[in-house]
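**Q** sequence first, predicted model second:
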Amino acid sequence: MECVIVGFAVLSVCQAAALPNFVLLFADDLGYGDLGFSAHPTALTPNLDRLAADGLRFTDFYSTSPVCSPSRASLLTGRYQTRSGIYPGVLYPDSIGGLPLNETTIAEVLKPLGYATGMIGKWHLGYGANGTYLPTRQGFDHYLGIPYSHDMGPCHNLTCFPPDVKCYGYCDVGTVTVPLMNGETITQQPVDFVHLEDAYSNFATDFIRSAAQKRQPFFLYYPSHHTHYPQYAGWKSVGRSLRGPFGDALLEFDSTVGNILQTLEETGTLDNTLVFFTADNGPELMRMSRGGNSGLLKCGKGTTYEGGMREPAIAYWPGVIKPGVTHSLSSTLDILPTIARLAGAPLPKVQLDGVDMTDILFNHGAGQREAMFYYPTDPSEKYGVFAVRMGKYKAHYYTRGSPQSGTTPDQDCQLISFLKYHDPPLLFDLESDPSENYKLNVKARPELASVLQNIKDLKDRFEASMQFGESEIGKGTDPKLAPCCNPECSPKPKCCQCLTTH
Ligand SMILES: *[C@@H]1O[C@H](CO)[C@@H](O)[C@H](O)[C@H]1NC(C)=O
Ligand SMILES: *[C@@H]1O[C@H](CO)[C@@H](O)[C@H](O)[C@H]1NC(C)=O
Ligand SMILES: *[C@@H]1O[C@H](CO)[C@@H](O)[C@H](O)[C@H]1NC(C)=O
């Protein structure tokens, strides 16, 4: 293997004489202010807090989209979602498109090196005709999960908390109830929320044990349904946090993180495993006290304010990554190039948007990322990016509220804040004003003109390099494609029900 010659890491990585393992934990609709270590007063997240205390915590880490599917596409490919066509909005159970199979995922980067690849949880990058776009077609040998959001199917009469507390609120009707898939087979429809997390945890720990036994390097990707709406949790977590349903769901996710860490320890693989944690986009503030919290950041899901895309993130690798805090600008885009580097795998021969983070991880260095570009939920060539961050500065060219952030008192977050063009752009200093409260007075401070010019140059260069892939979501939907455990039954979608066992 290639020894990664970077300071603190060199010893451990080379001595291990084995390819490193990767565990990628990805929470859903989780905000900057939601975790114990980010000072939420009633969040109960002892395992994530331990990762934060003993790992490297990022303060300036971004996803590429304020909604699910595009954010996941860029995480797994190291490319902005516009390139792979995962826009506008998100994929549905009966979507015709999905993440194109010629996109290279992290799993596909690692598989040729002999990695075991496993995934549990929320895919949300397409299902398609007969499961064309499932994770099993994108490099994951093992998969247990719901292939999209768990509110994408009627949930009205389903149990979300034991003993029999029905799911709160309304989910999508007129489509099939959400399936649980093992590989490409539907094993439950509707899924049993109360026992789901235990099934995930067992699948994850079995996967690690099995790979460790065979001395096979492994990549485990766990994009959790927690803490997306509607909240649910099983027996071990219900009623345990002071934070209500959201807190219990978060605690349940945290417990699985704990089980995974314990299994790494028990199998002797912890020292040779990079665990990375972050989330897909900001909190869905419209769920009010049942939703997440962006802490001191402005707005949440659906917006290009900080609360929509800036996420908690942690890199944890005991003995290799020194505990601490980094303010370096980083993104989900950078995970693929970093993993490839650590495994010594060749990068996919495509235009990547991610950069290698190893200098940040091992030397607490400044990193290579120059800028972060904020695409709205519906990127277009006409409008381009809504905002750009360069260094400590962020310039908003367009702003817009979102229904998903609609219940905050700040009017800018609300749906009634229609698309607004800013010329000159709204400029903020995110180091002294992370909440985007005080726009800089560009006229009164002539030195800022060059900042704006540099940002504009970066933006122009980026947009000139951006080739929009054909929109996969724009291909539309076909009700016949929705997953059904009983394909020949009628009338659909109602008849797509299978006895659930656990
Ligand atoms: C995948 O195939 C499509 C259609 O041929 C093409 O437009 C796109 O550029 C390809 N993407 C990659 C990453 O090769
Ligand atoms: C799925 O596969 C079955 C069996 O091969 C085939 O009959 C059916 O037409 C396929 N469905 C779609 C939507 O392609
Ligand atoms: C929920 O159950 C009630 C009572 O069995 C039934 O009348 C209603 O149609 C169900 N609602 C949905 C959305 O399935």
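**A** Perfect, thanks for sending it. Ligands and ions are numbered 1, 2, ... in the order given.

**Q** what about stretch 121-136, near ligand 1?
**A** No. Judged by Cβ under 6 Å from any ligand atom, stretch 121-136 makes no contact with ligand 1; its nearest approach is 13.3 Å. Heads up, the C-betas are built off the backbone N, CA and C, glycines and all.

**Q** so, in contact with ligand 2 or not, that stretch?
**A** Yes. Applying Cβ under 6 Å from any ligand atom, one finds that stretch 121-136 is in contact with ligand 2 at Ala129, Asn130.

**Q** now do the lengthiest strand in the chain: everything it contacts.
**A** For the chain, the strand that runs over the most residues, judged by DSSP state E, is strand 420-429. Strand 420-429 is contacted by residues 387, 392-400, 436, 438-440, 442, 448, 451-452, 455 when judged by Cβ atoms under 8 Å, 6 or more residues apart in numbering.

**Q** report the buried residues of it.
**A** Pro425, Leu426, Leu427, Phe428, Asp429 (16 or more other Cβ atoms under 10 Å).

**Q** those into CSV, with extra columns for distance to ligand 2 and pLDDT?
**A** Compiled in CSV, the buried residues of strand 420-429 are given as follows (distance: Cβ to the nearest ligand atom, whole Å; pLDDT from 0 to 100):
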residue, distance to ligand 2, pLDDT
Pro425, 46, 97
Leu426, 47, 98
Leu427, 50, 98
Phe428, 48, 98
Asp429, 53, 98
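
**Q** which of the residues you listed lies closest to ligand 1?
**A** Checking the buried residues of strand 420-429 against ligand 1 by Cβ to the nearest ligand atom gives Pro425 as the nearest, at 31.3 Å.

**Q** taking the stretch 301-450 of the chain, what residue is nearest to ligand 3?
**A** Pro403 (22.3 Å).

**Q** need phi/psi at that residue.
**A** Pro403 adopts backbone torsions of phi -60, psi -30, taken as degrees, to the nearest 10.

**Q** distance-wise, check Gly183 relative to Thr399.
**A** 43 Å (Cβ to Cβ, to the nearest Å).

**Q** quick one: which of the two has more around it?
**A** A side-by-side neighbour count of Gly183 and Thr399, using other Cβ atoms under 10 Å, places Thr399 first with 23 against 14.

**Q** and the more buried one, backbone torsions?
**A** Taking degrees, to the nearest 10, you get phi -130, psi 160 for the backbone angles of Thr399.

**Q** what are the bridge partners for it, then?
**A** Counting by DSSP bridges, Thr399 is bridged to Lys420.

**Q** was I right to think it contacts Tyr374?
**A** No. Taking Cβ atoms under 8 Å as the definition, Thr399 is not a contact partner of Tyr374, at 10.2 Å.

**Q** ranges for the helices of the stretch 201-350 of the chain?
**A** 244-266, 306-309, 335-343 (DSSP state H, counting those that start in this stretch).

**Q** show me what the first one is packed against.
**A** So the one you mean is helix 244-266. Helices and strands touching helix 244-266, by 3 or more Cβ pairs under 8 Å, 6 or more residues apart in numbering; DSSP states H and E, are strand 21-27, helix 46-54, strand 159-161, helix 193-213, strand 218-223, strand 273-279.

**Q** make a markdown table out of these and add mean neighbour count, distance to ligand 2 and mean pLDDT.
**A** Below are the helices and strands packed on helix 244-266 laid out as a markdown table (neighbours: other Cβ atoms under 10 Å; distance: least, Cβ to the nearest ligand atom, whole Å; pLDDT from 0 to 100):
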| stretch | mean neighbour count | distance to ligand 2 | mean pLDDT |
| --- | --- | --- | --- |
| strand 21-27 | 25 | 29 | 98 |
| helix 46-54 | 19 | 41 | 98 |
| strand 159-161 | 20 | 31 | 98 |
| helix 193-213 | 20 | 26 | 98 |
| strand 218-223 | 26 | 26 | 98 |
| strand 273-279 | 25 | 33 | 98 |
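
**Q** of all the ones you listed, which one comes closest to Trp235?
**A** Ranking the helices and strands packed on helix 244-266 by their distance to Trp235 (criterion: Cβ to Cβ) puts helix 193-213 first, at 7.2 Å.
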